[in-house]
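S.K.: need coordinates for the following:
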Amino acid sequence: MIDTLAATGIDLERLNVKYSQLSPAERITELFQDFNRVLVTSSFGSTSLILLDLIARVQPEHPVHFINTGYHFSETMAYQKEIANRLGLQIIELKAKKWQNEITTSERMWESHPDVCCSVNKVEPLEEAKLQHDVWISGLMGWQSNSRKNMSLFEQKESIIKFHPLIDFDAEEVRYTIKNLNLPQHPLLKKGFESIGCSHCTVAGNSREGRWAGRQKIECGLHL
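M.R.: Now for the predicted structure:
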């Protein structure tokens with residue numbers, strides 16, 4: 001077991017080499033042997049099934065944190081409940097403080113200050129959870145955007161280690177894997193949404209082109 005609390009100089013390069021030789025399921029299994037305090041998050045978006053299925057098979061009682069911004073599509077909220085029930089997932093819901101969310105709503109900050117809106121409703125609610133964990137499992141994949149294509153399996157992000165067990169998946173692998181999981185796909189996929197975020201800031205589009213369409217913004221800030 002890697003003592004991340006005592007060691008600030010963990011050899012991430014060694015971990016990247018070691019884990020690069022493993023399958024995604026083996027990576028998840030090994031991680032729970034190597035680390036103690038593990039944070040798992042999911043957006044319950046269009047590609048989330050892959051990581052969620054792995055967690056359900058490898059570590060079925062481990063909680064999955066879901067950031068409820070208050071602005072999700074109704075389809076996403078229904079999908080989150082359906083998949084959680086199907087896989088027997090323990091969901092921990094994270095939200096912004098009520099008064100903060102009310103300000104972003106009344107000021108329609110997703111239009112005027114989208115970075116602030118994301119920070120209040122997505123980034124800040126996760127901060128406390130991150131402080132209680134040593135490594136954070138995320139379902140990011142390199143093909144999804146230019147900002148993700150050069151990410152490694154393990155990266156240091158401030159006080160926590162990010163782990164991307166699916167970062168080397170390509171789009172074809174994603175489609176094949178999801179098709180063979182025998183689980184329902186996100187209903188908005190049929191309407192042309194390949195990447196699904198908050199309803200105010202997401203339109204139909206390939207990959208992440210439908211996120212913050214018409215703006216320079218490409219990420220919410222969670223993974224940068």
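S.K.: please, where are all the strands along the chain?
M.R.: Per DSSP state E, the chain carries strands over the ranges 38-40, 63-67, 90-94, 135-137, 154-157, 160-163.
S.K.: who wins for proximity to G197 among the ones you listed?
M.R.: strand 63-67 (10.6 Å; C-beta to C-beta). (Each C-beta comes from the backbone N, C-alpha and C, glycine too.)
S.K.: any idea of the mean pLDDT in the closest one?
M.R.: For strand 63-67, mean pLDDT rounds to 97.
S.K.: and the angle from the lengthiest helix in the chain to strand 63-67?
M.R.: The single longest helix within the chain, with elements called by DSSP state H, is helix 74-87. Here helix 74-87 runs at an angle of 180 degrees relative to strand 63-67 (axes from the mean of the first three to the mean of the last three C-alpha atoms, to 10 degrees).
S.K.: packing partners of helix 74-87?
M.R.: helix 49-58 (3 or more C-beta pairs under 8 Å, 6 or more residues apart in numbering; DSSP states H and E).
S.K.: go with 10 Å
M.R.: helix 49-58, strand 63-67, strand 90-94 (3 or more C-beta pairs under 10 Å, 6 or more residues apart in numbering; DSSP states H and E).
S.K.: buried residues in that helix, which are they?
M.R.: E75, T76, Y79, Q80, I83, A84, L87 (16 or more other C-beta atoms under 10 Å).
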